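Q: Following is a predicted model, sequence given first.
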Amino acid sequence: MVEPIGTRHRTMQRLRRLSGRRSARTDERAYVIEGPILLADALDAGVPVEEVVAEPDCPEDLLERAARAGATVHRTRPGALARVVDAVTPRPVAAVARFAVPSPAEAAAAAGPLALVLVGVSDPGNAGTLLRSAEAAGAGAVVFCDGSVDPYSPKCVRASAGALFRLAVVRDAPSADALAALGGAGYRTIATLARSARPYDEADLGDRVALVLGSEAHGLPGAVASLVDEAVTIPMAGRAESLNVAMAGTILCFESLRRRRQAGAGAEQPNRLDDTPLRAAGCTTR
């Protein structure tokens, strides 16, 4: 029987370090994946998983899959992971995976019909939701710019619900570089503003669009807004000053998908989830 590793083991310390420090994730180009469903999603997406630490109630078939994919599998005692990872609700498995470091130009080449550019989006929950909405609406790339949160922070990874693994994701890009790369690749760059812009449902948000979203507190800086092709707003009837950035981004992502479907791009596949098991469709907790 393999002896369980403790919290002082180098792998457990690595989990603690990568969970808690952005600089460590940057130096190692690695991050932490928590929970059986997210780990399975990562393996499905071909994410390079280096190490896995499992408590006794982790599914054995998942550990076998990880080992076949080249990961080193460690065992630990019940409750040990809660002492080294970020999750409020402890999971029975955590893994260390590598992330790619694409340039804005490489992300533009992978973006497909839709890209997101996040400028100063600092909340990891909002950023993870935007990753999830973007991927669900058919985007191929999300670019994090100008002080935005680390997309590989634990909370953002969890909030992305696996979408992070299937997107070209750029960290720490200057917004001017991102917009230039997308514009050069033929994308129309469209800023989202709280007021004084064209209603989003009157603009062409169909194919080859890059949606540019600003921070939760301050919106999009004027210097960035001056670089885009067009600005749109979401008209509101109530007294709210603005929408949460994740909500606004989700509305615009799915408006883009609606326009593409209306143009015939998605007519043959009304909903990819129609024939998907409930668990894979996101109807269970991760």
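A: Received, thanks.

Q: hmm, who's touching stretch 156-166?
A: 31-35, 37-38, 41-42, 44-45, 47, 87, 124-129, 131-132, 134-136, 149-152, 282, 286 (Cβ atoms under 8 Å, 6 or more residues apart in numbering). In this view, the C-beta of every residue, glycine as well, is placed from N, C-alpha and C.

Q: Which of the residues you listed fall in strands?
A: In this view, the contacts of stretch 156-166 that belong to strands under DSSP state E are 31-34.

Q: Below-threshold pLDDT in this structure: ranges please.
A: Scanning the chain for pLDDT under 70 picks out 1, 265-286.

Q: For it, just list every one of the helices.
A: All helices of the chain, identified by DSSP state H, fall at 10-20, 22-28, 36-44, 60-68, 104-110, 124-136, 154-160, 175-184, 222-225, 245-262.

Q: Distance to residue 97 and mean neighbour count added to those helices, as CSV?
A: CSV is the format used below for the helices of the chain (distance: least, Cβ to Cβ, whole Å; neighbours: other Cβ atoms under 10 Å):
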stretch, distance to residue 97, mean neighbour count
helix 10-20, 10, 18
helix 22-28, 11, 15
helix 36-44, 6, 21
helix 60-68, 10, 15
helix 104-110, 19, 20
helix 124-136, 15, 24
helix 154-160, 9, 24
helix 175-184, 24, 20
helix 222-225, 31, 14
helix 245-262, 24, 20
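
Q: For residue 78, find the nearest of these.
A: Closest approach to residue 78 among the helices of the chain (Cβ to Cβ): helix 10-20, 14.1 Å.

Q: Show which residues not belonging to the closest one make contact with it.
A: For helix 10-20, contacts defined as Cβ under 8 Å, 6+ apart pick out 5-7, 24-25, 28, 30-32, 51, 53, 72, 74, 76, 80-81, 84-86, 94, 96, 154.

Q: redo that, cut-off 7 Å
A: Here helix 10-20 makes contact (Cβ atoms under 7 Å, 6 or more residues apart in numbering) with 5-6, 24-25, 28, 30-32, 51, 53, 74, 84-86, 94, 96, 154.

Q: How about stretch 44-57?
A: So stretch 44-57 is contacted by 11-12, 15, 42-43, 63, 66, 69, 71-76, 78, 80-81, 92-98, 165-166 (Cβ under 7 Å, 6+ apart).

Q: Grab the CA positions of that stretch and hand them over as CSV.
A: These are the backbone C-alpha positions of stretch 44-57, laid out as CSV (Å, rounded to 0.1, in the frame of the first residue of the first chain):
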residue,chain,number,x,y,z
ASP,A,44,-11.0,15.7,-21.5
ALA,A,45,-9.5,19.0,-22.9
GLY,A,46,-6.0,17.6,-23.0
VAL,A,47,-4.7,19.9,-20.3
PRO,A,48,-1.2,18.8,-19.2
VAL,A,49,-1.7,17.6,-15.6
GLU,A,50,1.6,17.0,-13.8
GLU,A,51,0.6,15.9,-10.3
VAL,A,52,-2.6,14.7,-8.6
VAL,A,53,-3.2,14.4,-4.8
ALA,A,54,-6.3,12.4,-3.8
GLU,A,55,-8.1,11.7,-0.6
PRO,A,56,-9.6,8.2,-0.1
ASP,A,57,-13.1,9.1,-1.5
